[in-house]
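>>> Let me see the structure of the following:
(3 chains)
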Amino acid sequence: MKLPMVNNKKTDPTDIGRRQFMKSGAAMVTVTLAPGVTIMAYGGSAESQANPATRWGLLIDVNKCTKDCDECVTACSKENGWQDTGNPETDAQWIRKIDLLNPETGLEQSLAVMCQHCEDAPCVDVCPTGASFKRPDGIVLVDKHTCIGCRYCMMACPYKARSFIHEPVTDQKPYAPRGKGTVEGCTLCVHRVDVGGTPACVEACNTTGNGAMIFGNLNDPESEIAIQLATYASSAIRSDLGLNPGVRYQNL
Amino acid sequence: MAKTMFSEVKSTPQFWGTLVILGAFVGAAAMSVLYIEKYGHIVTGMNNQIVWGLPHVFAIFLIVAASGALNVASIESVFGKADYKPASRLSSVLAIALLMGGLAALVLDLGRADRLIIAMTKYNFRSIFAWNVLLYTGFIGVVAVYLYMQMARGIPAIWLRSAGIAAFIWRLALTTGTGSIFGWLVARSAYDAAIMAPLFISMSFSFGLAMFMLVSTCTKRLTGQGFNDVLRLRMARLLGVFAAVVLYFTAVQHLSNMYVAEHWNVVKFILLNGGIYTQLFWIGQVILGGIVPMAILFHPSLARKTKPLMAAVLLIILGGFAQLYVIVIGGQAFPLDMFPGLEVSSSFFDGVINSYTPSIYEWALGLGAVALAFIITGIAIKILRILPEATSE
Amino acid sequence: MQRFLTAFWIALLAFGNSANAQDSDLFPDIPKALYELETPHPDDIRINHMNYLRHDRDATVRLGDRGIEFSLKSCIDCHAVRGPDTSFVTIESDRYFCKACHISVGINIDCFQCHNSRPEAVDFSGLFEADASGVLKAYLEEISQ
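Here you go, the predicted structure:
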């Protein structure tokens, strides 16, 4: 058999080096059927779009989120390709663990904080070009194609959830493009959620972590997250601002 | 009163020499911008904690001063003080030039300055920032029309007055908008206050007039053309009043914040234990940028002499710069209060006072923007009839 | 001059389907795609791909539509080009699919500041299992010509 060539200007179009390529889209699967026969296929239905009846959210149980565990952070960094480059002040952090100490009682707690996917997101209001936006299903994103890097959203965010990319980036994850001069933050792993998956942090928390995170549709009363929220007390960080975040905390 | 005759300035070696020096600053700024473009903002002192740095301090200073620089023209055409006429054209020119310098600093510091076209074609009308872009470009247009009317022959007085009023209203809106950029930030306790808009208006009056007096004195030195000392003394007294108003609004800003429980810590930070920011506030803004220049400007004889007067003007400018540094950077240095009453720590600098050391590139960009504003003014007075003809007084 | 060249290339590309144009020395040497397309590209892909990309990009990013036809990720996967060391070349290489063309029209796109220019790690190990040494030898011979 023949390897795909460097310069194939004159190669026969019926070259066996070519294989059938299915419809484009996300969630690409590569199957090696037999030596030399590779099929690439894309999953997900073609017409699927973010559903405005849905509102994605997270519920984090602070009692289960222990101080020594940062599986969610590691998983997010691996999934989305941001990492420690040795410059803590300028490195991006889409999700981080914050340790709390109540000086009056001595109670120590620890929790994961990422973009809180607010309903009334200040970052969306202030963005001059509309690059900071909220999807119909409640996920707050940066459209890096129209972000001019003004950082006003970072000034406006009450959670310090956004980072600015200070250096040129190479070798990104193909499904998580990122590059110098734009602002970024937790995407709730849209590329997974759009094809029916869960965010990487939640997956890691439930497999190698302490099972402190639940991901789901807040608008669906049958979903586990909605049932939990309706049954047990929960709170939002800086609820005084009235932003109605999609990320909620138990036992905070 | 004698009719004022305006003319283009004559070429003098000093004039061109000054432009060349200013050009060197602009060149240094251009090189810094290319350098930052190539390596990213990592080469600046800015980081994920201090997201707006020195370029923004320069940009906001210039933009605020731009609207204030127009006041001299407004006094003539809106408030009908004819003796300000010799100074009015320069006032309009300087307003446009300072705004252009400020915008240049703002735009060139963007992470993706190459996407300027997006900034000019896509607007999110809920963003005060987007409104500011429109206010800034509109200001240049309105003032340009106003300047044309000031200069053209046979324009009816009512037109000139209307254009003057339009420009005056526009400049108030512009400064309100600039102040609101900060006033809107509910998450940050240093900024979340309605007082920001009037504070910025008072700052614009003061910084704008100071810049105008600095530039008009320099151009008179360099070209021999300008207005007489009587007018300059009146402006000096006015500047003293403006400086007092700024101090008053600053006091109101901090006093009113003290009554808001969750803002108490940030007031304490700026006024008492904020290190460099506390020093800049008390020594830079209040004493050197406020009380000392006021003493000179209201002094019966000192304010008449050029050197003390220029010292006062420069002190007001530097004090204003210190004030904006404290507002912009001091406000970010103070950590966000996400969990009131709890002690927080993380790998992302939660709960710590953030540090910022501006790099040489940021200084170069900021100073280049100021130089650019002066160059635009210089070119304008060379090719247009901006300054009154030299008179033998 | 730049303008003129661009216009010239567009004209050439638009009618480039004719064999003559392709054989012309002036026509950029565009590397072939790795796979067959199920539905062929529209005829105007050469001159309108940026508009298709832009349109579908907004569908994915803004609306979460993952079934778009013109996904940049798919272009990268299918139009990947192998370098002499058999690994896929990056945008740094002049042989890179998008670049091969753009160089000749003097266009510089910023997409690959963020998008990885190489395909997602595709499992090609199977290619070598059969008769790795033979295939490689033949391949190396071919490129050395």
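>>> Check chain A for the residue nearest chain B and tell me.
Per C-beta to the nearest C-beta, A:Gly149 is where chain A lies closest to chain B, at 1.9 Å. Backbone N, C-alpha and C define where each C-beta goes, glycine included.
>>> That residue: helix or strand, and which one exactly?
Taking DSSP states H and E as the definition, one finds A:Gly149 inside no helix or strand.
>>> Low-confidence ranges, chain C, go.
Counting by pLDDT under 70, chain C shows low-confidence ranges at C:1-27, C:121-145.
>>> Please list the residues of it that sit near chain B.
Taking C-beta under 8 Å from any C-beta of the partner chain as the contact definition, chain C meets chain B at C:Asp110.
>>> now the strands for chain C?
All strands of chain C, identified by DSSP state E, fall at C:35-37.
>>> mind checking the longest helix of it?
helix C:45-63 (DSSP state H).
>>> Give me the buried stretch members for stretch B:13-33, please.
Using 16 or more other C-beta atoms under 10 Å in any protein chain shown as the burial criterion, the residues of stretch B:13-33 that qualify are B:Phe15, B:Thr18, B:Leu19, B:Leu22, B:Phe25, B:Val26, B:Ala28, B:Ala29, B:Ser32, B:Val33.
>>> how about the second one, secondary structure?
On the three-state scheme (DSSP: H, G, I helix; E, B strand; the rest coil), B:Thr18 is labelled helix.
>>> any idea how far B:Pro86 is from it?
Distance from B:Thr18 to B:Pro86, counting by C-beta to C-beta, to the nearest Å: 22 Å.
>>> ok so, going back, what about the residue lying closest to the residue of chain A closest to chain B once chain neighbours are set aside, how many neighbours?
Of all residues beyond its chain neighbours, the one nearest A:Gly149 is B:Gly111 (1.9 Å), with distances taken as C-beta to C-beta, 6 or more residues apart in numbering or on different chains. The burial metric for B:Gly111, expressed as a neighbour count using other C-beta atoms under 10 Å in any protein chain shown, is 23.
>>> could you say which helix or strand contains B:Gly111?
Using DSSP H and E, no helix or strand contains B:Gly111.
>>> pLDDT score assigned to it?
Model confidence at B:Gly111, given as pLDDT, is 94.
>>> from memory it sits against A:Pro168, does it?
No: here B:Gly111 does not reach A:Pro168: they are 11.8 Å apart, not a contact under C-beta atoms under 8 Å.
>>> all helices of the stretch 1-150 of chain A, in order?
Listed in chain order, the helices found in the stretch 1-150 of chain A under DSSP state H, counting those that start in this stretch are A:71-80, A:122-126.
>>> How about the stretch 151-300 of chain B?
Counting by DSSP H, counting those that start in this stretch, one finds helices in the stretch 151-300 of chain B at the ranges B:157-183, B:196-223, B:229-258, B:264-268, B:276-279, B:292-297.
>>> deepest of these, which one?
Per-stretch averages of neighbours, counted by mean count of other C-beta atoms under 10 Å in any protein chain shown, single out helix B:196-223 among those, with a mean of 23.
>>> Output the contacting helices and strands for it.
Counting by 3 or more C-beta pairs under 8 Å, 6 or more residues apart in numbering or on different chains; DSSP states H and E, the packing neighbours recorded for helix B:196-223 are helix B:13-39, helix B:54-69, helix B:71-77, helix B:85-108, helix B:157-183, helix B:229-258, helix B:306-325, helix B:360-383.
>>> Helices along chain C, start to end?
Under the criterion DSSP H, helices of chain C are mapped to C:2-14, C:19-23, C:45-63, C:72-78, C:97-105, C:125-129, C:132-144.
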